[in-house]
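Q: Provided below are the primary sequence and the corresponding predicted coordinates.
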Amino acid sequence: MTRISRREFTAAALAAGLAAKADAAPADSNGEWRNRQAGMSYRRLGRTGFHISEVVMGGNTISPTNWEHVLLALDMGLNYLDTAPAYGNGKSEMGYANVLKARNRDSFFLNTKISVWDINRTKLYADLFASLSESEQKKMQHLAQEEIEQREALNRDYIGMYFASQVDELKGAALANVLSRHYGDRIDRGKNYKQIIFDSFEQSMKRLGTDHTDLLMCPHGASTPHEVANHPEIFEAFEKLKKDGRVRYLGVSAHNDPGGVLNAAIDTGVYSVAMVAYSIVNRKWMEPVLEKARKKDFGVVAMKVARPVFNGRNNGTVDPPERVKLIEDAVPGPLKRPQKAYLWALRNPNLSAVISEIHSADLVRDNLPLAAPKKG
């Protein structure tokens, strides 16, 4: 009897996982291709026409002292880099600046975000809330709670519980939404919404050492549909940056109420891309909206794909056994749990890619093979 080695067993499991993925874009697909390599599968990012690697590079752990593994990923065919001012208080963008110096700027797609828009908005309305009478405060809080409950936005499987401040962010955003409907005329929206986008963008470009980005996501971390559907200042700022050749497409990211935010972004007709939390745990909320996104030619990158079943950050959250069982049953075999989560998500034809917080060369070698072409 021939004994199968663990390496062979793992290779067989990877091959089975690759075979179950949704189809990649055909090699002759129209659109924009960058850094195309034979060992990588690419999918079209909606109406942008960008063909991006099935696994893309998260930027939260990139810094001026931790960036060289990004070059290895690019050498293997990855072609989409994600960052934000909030990551390391600007250190992620400064780390990527080294990558931009080492590689041709337009040999990959670059996305950054506006990280202060939503924080600024929430604070403005928190200050306004504090000026109201006690009875009016209770009324506003009641309306905000109703908004949250109507959307099941605090369901633990839907919200994911990825970080400690997540619930407070959601509650703050919901209260700001209600206050904006009743007292929005008290806010200088040009100064506090639009100008903050321009200022944040310029600071990001300085840290990155470039003058343009392919995607700009605003808000970074929207918590409610209202934030993307009721702030024309975002669209006005984007149109100015686009006209000036600084930004090509507008996107949004969302941990909280990701299905609601994605749906609202699609309906605006202005957003072209979203990066939203999607996993085997919240799929019942997300999959109908993901299908709508594909029908509308709207690009979606899935984030937090592995986090609900694997606490790689060791930040005090846990991996509930019932969640772990979901992914182990869906993708059996010896692969690591995050690998299983990514392969599971890539079965969905309505996704363009999954984003991975790849912080080392070892993780590059772990996760990029998941984006290899299917055999046969």
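A: It's in. Numbering: from 1, shown residues only.

Q: How is the spatially closest residue to Leu215 that is not a sequence neighbour assigned, secondary-structure-wise?
A: Using C-beta to C-beta, 6 or more residues apart in numbering and skipping residues adjacent in sequence, the residue nearest Leu215 is Asn111, 3.9 Å away. From N, CA and C alone the C-beta is placed, and that goes for glycine too. Three-state assignment for Asn111 (DSSP: H, G, I helix; E, B strand; the rest coil): strand.

Q: correct me, but Asn111 touches Ser92?
A: No. Between Asn111 and Ser92 there is no contact under C-beta atoms under 8 Å: 11.6 Å.

Q: and for the two, which residues touch both?
A: Residues touching both Asn111 and Ser92 by C-beta atoms under 8 Å, 6 or more residues apart in numbering: Thr83.

Q: Would you map the strands across the stretch 251-376 of the chain?
A: 273-277, 299-303, 353-356 (DSSP state E, counting those that start in this stretch).

Q: right, so of the ones you listed, which gets closest to Met286?
A: strand 273-277 (7.4 Å; C-beta to C-beta).

Q: Report all helices and strands that the closest one contacts.
A: The contact analysis (3 or more C-beta pairs under 8 Å, 6 or more residues apart in numbering; DSSP states H and E) places strand 273-277 against strand 213-220, strand 247-254, helix 258-268, helix 283-295, strand 299-303.

Q: try 10 Å this time
A: Here strand 273-277 touches strand 109-113, strand 213-220, strand 247-254, helix 258-268, helix 283-295, strand 299-303, going by 3 or more C-beta pairs under 10 Å, 6 or more residues apart in numbering; DSSP states H and E.

Q: Can you tell me the strand partners of that strand and which way each runs?
A: strand 247-254 (parallel), strand 299-303 (parallel) (DSSP bridges).

Q: Tell me which helix or strand comes right after the helix or strand of the chain with the lowest mean pLDDT.
A: When each helix and strand of the chain is scored by mean pLDDT, DSSP states H and E, helix 189 comes last, with a mean of 84. Sequence order places helix 195-208 as the next helix or strand after helix 189, per DSSP states H and E.

Q: The nearest residue to Phe108 once chain neighbours are set aside: how many residues sit nearby?
A: Once flanking residues are discounted, Phe108 sits nearest to Asn79: 4.6 Å by C-beta to C-beta, 6+ apart. Residues contacting Asn79 under the criterion other C-beta atoms under 10 Å number 24.

Q: what residues are up against Asn79?
A: Neighbour list for Asn79: 33-37, 40, 42, 50-53, 56-57, 73, 107-110, 353 [criterion: C-beta atoms under 10 Å, 6 or more residues apart in numbering].

Q: got it, and Ile358?
A: 55-59, 61-62, 69-70, 72-73, 78, 364-368.

Q: same thing with Val300?
A: For Val300, the contacting residues are 45-46, 251, 258, 262, 265-266, 273-276, 278, 286, 289-290, 293-294, 348, 350-353, by C-beta under 10 Å, 6+ apart.

Q: so it bridges to which residues?
A: Here Val300, judged by DSSP bridges, has bridge partners Ala274.

Q: ok, so what distance separates it from Gly172?
A: Note on Val300: its distance to Gly172, by C-beta to C-beta, to the nearest Å, is 26 Å.

Q: Just the contacts of Asn79: which are in strands?
A: Among those, DSSP state E puts Trp33, Tyr42, Phe50, His51, Ile52, Ser53, Val56, Met57, Phe109, Leu110, Ala353 in strands.

Q: which strand residues sit across from the last one in the sheet?
A: Pointing back at Ala353 there. On the basis of DSSP bridges, Ala353 is bridged to Val301.

Q: Isn't it up against Asn367?
A: No. In terms of C-beta atoms under 10 Å, Ala353 does not count as a neighbour of Asn367; the distance is 11.7 Å.

Q: joint contacts of the two?
A: Val55, Leu78, Tyr342.

Q: Is it possible to get a markdown table of those residues that adds neighbour count, pLDDT and distance to Arg181?
A: Converted to a markdown table, the shared contacts of Ala353 and Asn367 look like this (neighbours: other C-beta atoms under 10 Å; pLDDT from 0 to 100; distance: C-beta to C-beta, whole Å):
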| residue | neighbour count | pLDDT | distance to Arg181 |
| --- | --- | --- | --- |
| Val55 | 27 | 98 | 41 |
| Leu78 | 27 | 98 | 43 |
| Tyr342 | 27 | 98 | 40 |
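
Q: List just the nearest of those to Ser5.
A: Tyr342 (24.1 Å).

Q: Many thanks, we can stop here.
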